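Student: Pasted the sequence and its predicted model underneath.
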Amino acid sequence: MNPGTSSAEENTLGVLVVDDQELVRGGLRRILRRRDGFLVSECADGDEVPAALAAQPADVVLMDLRMKRVGGIDATRILRSRTDAPPVLVLTTFDDDQLLSGALRAGAAGFILKDSPAEDLIRAVRTVAGGGSWLDPSVTGRVLSAYRTVAPTPAKARSGLEDLTAREYEVLQRIGRGRVNTEIAADLGISEVTVKSHVGHIFGKLGLRDRAAAIVFAFDHGVVTPGESSA
């Protein structure tokens with residue numbers, strides 16, 4: 001902690017809101033309030049994201065899909081190509097399965113619809129900022145179907161479950177339910193460092209690049225069912 005910085009400020013989550021509608025950005029600011037632990041910055045288009053993050057770093061980017069110059073999918077792909085990039089949570093009013101599955105392929109950690117309750121939005125932002133994924137249950141089934149159509153599970157992953165240890169399987173189940181590493185550690189009575197090690201082994205054995213892909217895999221292979229997801 002820096003001198004003069006309170007513990008509350010240290011625990012504040014930075015959120016960059018990217019949306020071309022000023023009313024939407026204003027509404028999100030009212031939900032993600034500073035007194036509740038959020039520090040919100042904003043920009044109006046995908047091509048403004050790098051400059052906005054340079055001006056005020058964020059722990060998570062809340063990204064609209066449809067914008068005038070650079071859409072959310074391209075902006076997410078560009079952002080996630082950086083090694084130090086914050087995770088992206090897609091925010092949309094559109095039940096467009098191909099767009100949402102495209103956002104997952106671009107590296108988004110999940111998606112939530114704009115008409116979701118405020119408490120769900122807050123939970124989703126905190127989950128993604130903590131290293132987890134969030135898939136809105138109202139459209140998850142359709143989006144995963146679209147995702148698999150365009151980006152089928154790799155051949156290595158299709159037969160990879162038998163390579164997992166019993167503990168790794170338990171960790172994968174909890175990833176599929178949207179739980180973050182600290183929650184998994186508490187569930188299983190192990191350290192967070194051990195959980196991170198298991199996650200790395202799971203990704204390597206199954207050929208997965210991130211937690212969103214792990215959730216897709218878990219749904220595809222019956223490790224979890226849609227009703228089990230904590231999201």
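Tutor: Here it is on my side, so go on. Residues are numbered from 1 along each chain as shown.

Student: right, and the secondary structure at Arg35 would be what?
Tutor: The three-state assignment at Arg35 reads helix, by DSSP: H, G, I helix; E, B strand; the rest coil.

Student: Near it, how many other residues are there?
Tutor: 6 (other C-beta atoms under 10 Å). Backbone N, C-alpha and C define where each C-beta goes, glycine included.

Student: Kindly report the same for the one 10 residues further on.
Tutor: Counted with other C-beta under 10 Å, the neighbours of Asp45 add up to 18.

Student: again with Leu208
Tutor: Neighbour tally, Leu208, other C-beta under 10 Å: 24.

Student: Also the one 3 residues further on?
Tutor: When neighbours are defined as other C-beta under 10 Å, Arg211 has 23 of them.

Student: which residues does it contact?
Tutor: Arg211 sits next to 109, 131-133, 175 when contact means C-beta atoms under 8 Å, 6 or more residues apart in numbering.

Student: following the helix or strand of the chain with the lowest mean pLDDT, which helix or strand comes up?
Tutor: Least confident element among the helices and strands of the chain, by mean pLDDT, DSSP states H and E: helix 155-158 (a mean of 44). Remark: after helix 155-158, the chain's next helix or strand is helix 166-176, criterion DSSP states H and E.

Student: where along this protein do the helices fall?
Tutor: Remark: helices assigned in the chain by DSSP state H are 7-10, 22-31, 49-55, 72-80, 97-106, 118-129, 140-150, 155-158, 166-176, 181-188, 192-206, 211-220.

Student: Could I get those helices in CSV, plus columns for distance to Leu16?
Tutor: Putting the helices of the chain into CSV (distance: least, C-beta to C-beta, whole Å) gives the following:
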stretch, distance to Leu16
helix 7-10, 18
helix 22-31, 11
helix 49-55, 6
helix 72-80, 10
helix 97-106, 16
helix 118-129, 11
helix 140-150, 23
helix 155-158, 32
helix 166-176, 25
helix 181-188, 23
helix 192-206, 25
helix 211-220, 19
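
Student: Which of the contacts of Arg211 are buried, as a ChimeraX select command?
Tutor: Here is the ChimeraX command that selects only those of those that count as buried (16 or more other C-beta atoms under 10 Å):
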select :109,132,133,175
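
Student: Which two of the contacts of Arg211 have the greatest separation?
Tutor: Ala109 and Ile175 (11.8 Å; C-beta to C-beta).

Student: shared neighbours of these two, which are they?
Tutor: 133, 211.

Student: Pick out the residue closest to the middle of this protein.
Tutor: Centroid check for the chain by C-alpha atoms, centre = their mean gives Ala109 as the closest residue, at 2.4 Å.

Student: and it, what is it in contact with?
Tutor: Taking C-beta under 8 Å, 6+ apart as the test, what Ala109 contacts is 87-89, 128, 132-134, 210-212.

Student: so which of those residues comes closest to Val15?
Tutor: Using C-beta to C-beta, the contacts of Ala109 come closest to Val15 at Leu89, 9.0 Å.

Student: so how far is Leu99 from the residue nearest to that closest one when sequence neighbours are not counted?
Tutor: In this structure, Leu89 finds its nearest non-sequential neighbour in Val128, 4.6 Å apart by C-beta to C-beta, 6 or more residues apart in numbering. Val128 sits 18 Å away from Leu99, going by C-beta to C-beta, to the nearest Å.

Student: more crowded one of those two?
Tutor: Comparing Val128 with Leu99 by other C-beta under 10 Å, the one with more neighbours is Val128, at 30 against 19.

Student: mind giving me the domain ranges of this protein?
Tutor: 7-148, 154-228 (automatic domain parsing).
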